[in-house]
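Q: model the structure of this input:
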Amino acid sequence: MRGLFSNWGKVGLYSLSAIAVLAIGALVIFGTGLAGSQEAPVERAVTPTVAEEDAPPTPEETGREEEPEKTEEAVVEEEVVEDEAVEEQAAVEEYVAEEPVIEEYAVEEPVEEEAPETVAAPSDSSLYLSVPKMGLQNNLVVNDISPATLDQGAGKLPSSGFPWQSGSNTYIAAHVLGWEGTGSWLQFANLPNMTQGDMIYLTDSNGTTYEYQVTEILNVTPYDTWVMAPEPGRDMVSLQTCVGANYEQRLIVRGDRVA
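A: Purely as a prediction, here's the structure:
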């Protein structure tokens with residue numbers, strides 16, 4: 001028994017020594033592996049210098065290309081463009097400010113004033129024409145120029161003024177031959193014989209007589225309607241009839257008022 005125990009004791013001692021050595025080796029091996037898997041190696045912090053802190057980022061860092069430095073000519077051209085833009089904006093603002101004024105005048109329409117009356121207007125618009133040179137004495141003139149009226153005698157253009165209105169051109173028309181047996185027969189047959197200085201008289205239904213002296217004799221076409229219009233500063237009477245080979249022309253004898 002003692003020998004048995006003596007042998008086991010030696011074996012146990014040797015065994016315990018071997019186990020201790022293996023345990024220490026395993027601890028060293030596995031301890032290093034666990035530490036490496038749990039903690040990352042700590043990098044040393046580097047404190048930047050003052051120059052590194054103030055330095056601007058490089059184009060590579062910002063991802064943009066470095067802009068070339070502007071030349072003196074480019075700077076001057078840029079300033080000119082800016083000045084032109086300022087002037088253009090000022091002009092636009094000035095136009096916008098004046099635009100309502102332009103519109104205000106645009107909507108205003110001139111008021112057409114009627115010719116002022118020199119004497120009281122008679123209740124009857126009929127006139128009586130006398131022309132010594134033509135042998136006419138108190139021939140009736142109706143305020144109408146329809147064919148039916150001209151077949152009976154002389155007619156006044158309704159849109160023209162009356163002798164008692166200042167600045168008017170009293171426009172009277174009649175046939176040069178007319179129709180035999182009617183009041184139109186040879187009514188203005190002697191109008192082509194009128195000359196400057198001849199007298200023309202118009203009398204209204206109130207008995208007021210207006211005297212005119214011939215100042216113009218015109219040959220025009222039927223399209224020259226301007227002869228019917230009044231002229232500033234003139235009180236006129238105009239006598240019209242048809243002349244020419246086929247009566248395609250119009251003879252106009254104008255007289256300015258003298259009394």
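Q: what's around the closest residue to residue 185 other than its chain neighbours, how many residues?
A: Once its chain neighbours are removed from consideration, residue 185 has its nearest residue in residue 178; the separation is 4.5 Å (Cβ to Cβ, 6 or more residues apart in numbering). Using the backbone N, CA and C atoms, a C-beta is placed for each residue, glycine as well. Other residues within reach of residue 178 by the criterion other Cβ atoms under 10 Å amount to 20.
Q: same deal with residue 234?
A: Burial of residue 234 is recorded as 13 neighbouring residues (other Cβ under 10 Å).
Q: residue 229 too?
A: By the other Cβ under 10 Å criterion, the neighbourhood of residue 229 contains 10 residues.
Q: residue 179 versus the residue nearest to it when sequence neighbours are not counted, what's the distance?
A: Once flanking residues are discounted, residue 229 sits nearest to residue 169: 6.6 Å by Cβ to Cβ, 6+ apart. Plainly put, residue 169 is 28 Å away from residue 179 if you go by Cβ to Cβ, to the nearest Å.
Q: neighbour count winner among these two?
A: The neighbour count for residue 169 versus residue 179, taken as other Cβ under 10 Å, is higher for residue 169 (20 against 13).
Q: bridged to the more buried one, which residues?
A: When bridges are assigned using DSSP bridges, the partners listed for residue 169 are residue 236.
Q: which residues sit in contact with it?
A: Neighbouring residues of residue 169 by Cβ atoms under 8 Å, 6 or more residues apart in numbering: 160, 161, 228, 229, 230, 231, 234, 236, 237, 238.
Q: for the third one, report the pLDDT, please.
A: At residue 228, the model reports a pLDDT of 97.
Q: now swap in the last one and tell me
A: If you check residue 238, the pLDDT there is 98.
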